[in-house]
Structures are given as C-alpha cells and as structure tokens.
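Student: give me a 3D structure for the following:
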Amino acid sequence: MYCARCGTECQPEYKFCRNCGADVTAAGGTRDIPIAAPPPHLAVQAVAAVVYTSVPLPPPPLHGPPVYYYPQAVPQTHIVHQIHVMESLRGRIQSLASTESLEGFSLRQMFSEVFKRRSADEVEEYILVGTARNTPPIDVVETGWPKPWLFFRLLAALVIAYAALTFLFMWTGNTNCIPGMMFLGAFAVPLATLVLFFELNTPRNVSLHMIGKLFLMGAVVSLAVALLGYSLPIFELSNMEAGIVEEVAKLLTVVLVMRSVRYKYILNGILFGATVGAGFAAFETAGYALNEGFLQGLLPAVLQGGALTPQVMGPAMQQGVGQMLSILFLRGILAPLGHVAWTAIAAGAFWRVKGDKPFSVTMLFDKRFLMAFAIPVALHAIWDAPVQLPFEGNQILTGVVTWYVVFGLVQQGLRQVKAEQKTHLQVTLETVEASLQPAGGVTV
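Tutor: Below is the predicted model:
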C-alpha cells in the first residue's frame, strides 16, 4: 500500500504516512499504484509544503508522469497592509509638516550622556549662554543631533522635592505643604521638558533670562487669550474646540512677545513655542489640581459631615489631597506629549517662514505654516475627543505623532545652521582671497 499524497510505502498497521503525515486510514488515503518518488531536494520541498503551508494539496493524478508539489508562500496580507498604512501615514505627516525622514537619529544616542558625571563648573558654563559674551560663533555650533542631559537633572530634583513634601504632609498632616505639592507637581515635568528644548537649541543664542521672562509672560498672556476665545459663541460646541482656541492663543502669544529679528533660526522658534507651551501647561495643571482635584474631593466630604469639625476635616482633607495627587501624576506623565510640544511645532513652523524678517500678518497665511499648524490643532482635538481609547490611547498615539513632527523640525533647524555655516565659510574665504590680491587686481 502506498500513500495517496506522496507515494511513500505504508504498512497495513500504519495510521499516518511517515513521510507527509497524511491520514492513510481515511477513504482514498492509500493507493495500490506507487508514485515515483521525487529527487531528494524536491522531496524536502514537498514535505515543507505539507508542514508549513495551510493550503491543501490536491491528490495526484491516477495516470501520467509524477507530479511534484512545491511550497506556496501564504501572503501575509494583514502585515503588508499595516506596513502600507504606517508608511502612508508617515508620508502624510511629512507632507503636512514639510519635513523629511529622520536621518542618523537614535534616541539611545541622543540620551547617552544623561547619567554622565559633570562638575558644578561644567553645569554653570553649560547654562550661561545666549548673551553677547557667551553666544558661540556660528562656526563652532554643533549641527549633529544634540545630546541633552540637563533636563533629567532638573526633573530628578523637582520630583525629589515633590516627593519629600508629599511625604511630609502624609506624616504630619500640615496643610502648609499642600501649595508646594500642587505647584511642584504641576511645574516639574513641563519645566524639565522646556529645558530639553533649551538643550536642543544648538545655536545657544537664547539666555535663561529670556526663557524665564517668556515662560511667565507667555503663560499669563496665552491663558488670557484662551479665556477670551472661549467666551466667543462660536466655540461653545464641544470640548474639541480647545484644539483651535488654545493652540491659536499660544501661537499668538509667541508671535506678540518674540518679535525680534535677532532670533532667526527654526530652533529658536521651537524653543520659544515650547516655553509658552510649558507655562500654559503648568498653570493649567495647577488649576485642574486645585479645582477638579482638591476642592471637588474636599467639598463633598465636608458637606456630608455637616460641620467643619476636626473629625470631618481630617478625612475630607485626605480625600481632597488624594484626588489632587492623582491629577498631578496623570498630567505630569502626559505633559511632554501635549502643550509643550504642540506649541513648539506651531512656533517652529512659523519661524521657518519668518526667519530673520520682521513679523508680517501675511506670514500667518503662508501655506507651509498653515499646513504644519494644522497638525497640533488636530492632535489637540483628538486628545480631547469624546471617544477615548483605553489606557490613555488617544494621548499616547497623538504623543508619538507629535514628537515625530518635533524631531523632523529639529532636523530642519540643524540643517539650517549647517547651511549658514557653509555660507559664512564661503564669505570668509572670499574675503581672505580679496585681501590677498594687490591693488591692481593681479594675483601675486
């Protein structure tokens, strides 16, 4: 008896073919006529086709030459479709932002110096930049991907101070700790993210004094413009109008406050946008922590108690602080994915149009700027959408897209600096050549 599938000889007691595994007890599972065995290399392919493909093989013909079956590749349509969707999405994002694919970029390399030891003098020299005396000449500015590290030290210091105050409150119950907990929790991550953008500004032509002034002014002005925008009847539709109101408010704040032509680089605009966004995010988080956390957790417990007695205030205070800490924790984790980076994209796209020219209203209607500005507006709207994916899925997905666009703009900024270096070098060479020529114009 022979297997009807591959032609291997089978003993009567066999239930399955030892070569291909076919069921020889089923009807039509065996044949009396042997099938010519294929060459060894083809036999291996035939077995592989049976084992590794899910496509059923038809039985061999009763007459005629032997037929060899080869493995057929099962198309991975779902994987191909996912890759196509991702590539199409990336292309659309690059087209909107007018950026190119990232080259030579590695998160591991970028943050490779985070834990490197540095002396106090090194830290101070690193921070003191942006003035007329310590702004580096364009010739020595780094044009490769930066390696920031200061942001992590600031974040660690602020988180440790926040944790210490929280522990002190839990231990003593002293309410004097609450304001410090609220503001440290609200400001820690936005400030650290702002310092990250400060380090990405490789021309080093913006001082910490300018950053601090813009941080405070930008936070107040952008909040005022946003509140004014929310008062307009056209924006009383849903929570998704925040994508328009707040992004416009923050961008207008950057444009109004930073009108100097001294800051001409795309990287400068990215830093200015991140500064205003960080101020807005910190103040907004503090407001949420107070209103939706502390007060909404405190008042119901007080009202249920009926009187402001120590027996009522103790549990009520703990409940209010607990809700406040939950909001600070969640918004702290999500802070780098939102306002800071969104405004960095908007201002970076605007500075790409503005450059070293004075501000003009027509710049706001430039096609390249409007297309890029639509990205943070849309991402903000998706962030606040009524339909939310589980595990903060909306925020994580929009955050990934946000930082992909940010790094694309940073790459353009680095290339802009490199192009200016080449121009400066060319001008220097022409000046030197001109100075070496004699008065008659004949080269010696």
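
Student: tell me how many other residues surround the residue nearest to I127 when sequence neighbours are not counted.
Tutor: In space, and not counting its chain neighbours, I127 is closest to L208: 6.2 Å by Cβ to Cβ, 6 or more residues apart in numbering. For every residue, glycine as well, the C-beta is placed using N, CA and C. Residue crowding around L208 was assessed by other Cβ atoms under 10 Å; the count is 15.

Student: and for F198?
Tutor: Neighbours of F198 using other Cβ under 10 Å come to 23.

Student: same question, R368
Tutor: Neighbours around R368, by other Cβ under 10 Å: 14.

Student: how far away is it from T362?
Tutor: Separation of R368 from T362 (Cβ to Cβ, to the nearest Å) stands at 13 Å.

Student: if we ignore the residues flanking it in sequence, what's nearest G273?
Tutor: A347 (2.8 Å).

Student: mean confidence for the helix or strand where the one you found lies?
Tutor: A347 belongs to helix 339-354 when assigned by DSSP states H and E. Over the span of helix 339-354, the pLDDT mean works out to 96.

Student: just stretch 201-213 next, same as before
Tutor: Averaged over stretch 201-213, pLDDT sits at 93.

Student: how about residues contacting it?
Tutor: Stretch 201-213 is contacted by residues 127-131, 135-136, 138, 141-143, 146, 194, 198, 262-263, 265, 267-268, 270-272, 275, 413-414, 417 when judged by Cβ atoms under 8 Å, 6 or more residues apart in numbering.

Student: now it: buried residues?
Tutor: 201-207, 210-211 (16 or more other Cβ atoms under 10 Å).

Student: over to stretch 418-427?
Tutor: 420-421.

Student: repeat that for stretch 364-384.
Tutor: Residues of stretch 364-384 classed as buried by neighbour count (16+ other Cβ under 10 Å): 364, 366, 369, 372-384.

Student: tabulate the CA atom coordinates of that stretch in CSV.
Tutor: What follows is stretch 364-384, C-alpha atoms only, in CSV (Å, rounded to 0.1, in the frame of the first residue of the first chain):
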residue,chain,number,x,y,z
LEU,A,364,0.4,83.6,9.2
PHE,A,365,-1.3,82.8,5.9
ASP,A,366,1.7,81.1,4.3
LYS,A,367,0.7,77.6,3.1
ARG,A,368,3.7,75.8,4.6
PHE,A,369,2.9,77.3,8.0
LEU,A,370,-0.8,76.6,7.9
MET,A,371,-0.3,73.0,6.9
ALA,A,372,2.1,72.4,9.8
PHE,A,373,-0.1,74.4,12.2
ALA,A,374,-3.0,72.1,11.4
ILE,A,375,-1.1,69.2,13.0
PRO,A,376,-1.1,70.4,16.6
VAL,A,377,-4.6,71.7,16.2
ALA,A,378,-5.8,68.3,15.0
LEU,A,379,-3.8,66.4,17.6
HIS,A,380,-5.2,68.5,20.4
ALA,A,381,-8.7,67.9,19.2
ILE,A,382,-8.1,64.1,19.1
TRP,A,383,-6.6,64.3,22.6
ASP,A,384,-9.9,65.8,23.9
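
Student: please state the offset of it from the chain centre?
Tutor: Between the centre of stretch 364-384 and the centre of its chain there are 16 Å (Cα atoms, centre = their mean, to the nearest Å).

Student: what's the answer for stretch 287-300, then?
Tutor: Using Cα atoms, centre = their mean, the offset of stretch 287-300 from its chain centre is 30 Å.

Student: pull the residues that contact it.
Tutor: With contacts defined as Cβ under 8 Å, 6+ apart, stretch 287-300 is touched by 178, 182, 185-186, 316-317, 319-328, 331.

Student: would you state the strands of this protein in chain order?
Tutor: With DSSP state E applied, the chain shows strands at 2-3, 30-31, listed in chain order.

Student: let's test this: mean pLDDT of the last one, rounded?
Tutor: Meaning strand 30-31. Here the average pLDDT along strand 30-31 is 64.

Student: repeat that for the first one.
Tutor: Mean pLDDT, taken over the full extent of strand 2-3, equals 75.

Student: now swap in stretch 257-268 and tell me
Tutor: 87.

Student: that older thread, pick out the lowest-pLDDT one from the buried residues of stretch 364-384.
Tutor: Confidence-wise, D384 trails the rest of the buried residues of stretch 364-384, at 86.

Student: quick one: it and A242 touch, right?
Tutor: Yes: shown here, D384 and A242 form a contact pair, counting by Cβ atoms under 8 Å, at 5.3 Å.

Student: at which residues are the helices of the stretch 1-150 of the chain located?
Tutor: Secondary structure of the stretch 1-150 of the chain, counting by DSSP state H, counting those that start in this stretch: helices at 40-52, 77-97, 107-110, 120-127, 150-172.

Student: now for the buried residues of stretch 364-384, which pair is the farthest apart?
Tutor: Put simply, by Cβ to Cβ the two of these set farthest apart are D366 and D384, 27.1 Å from each other.
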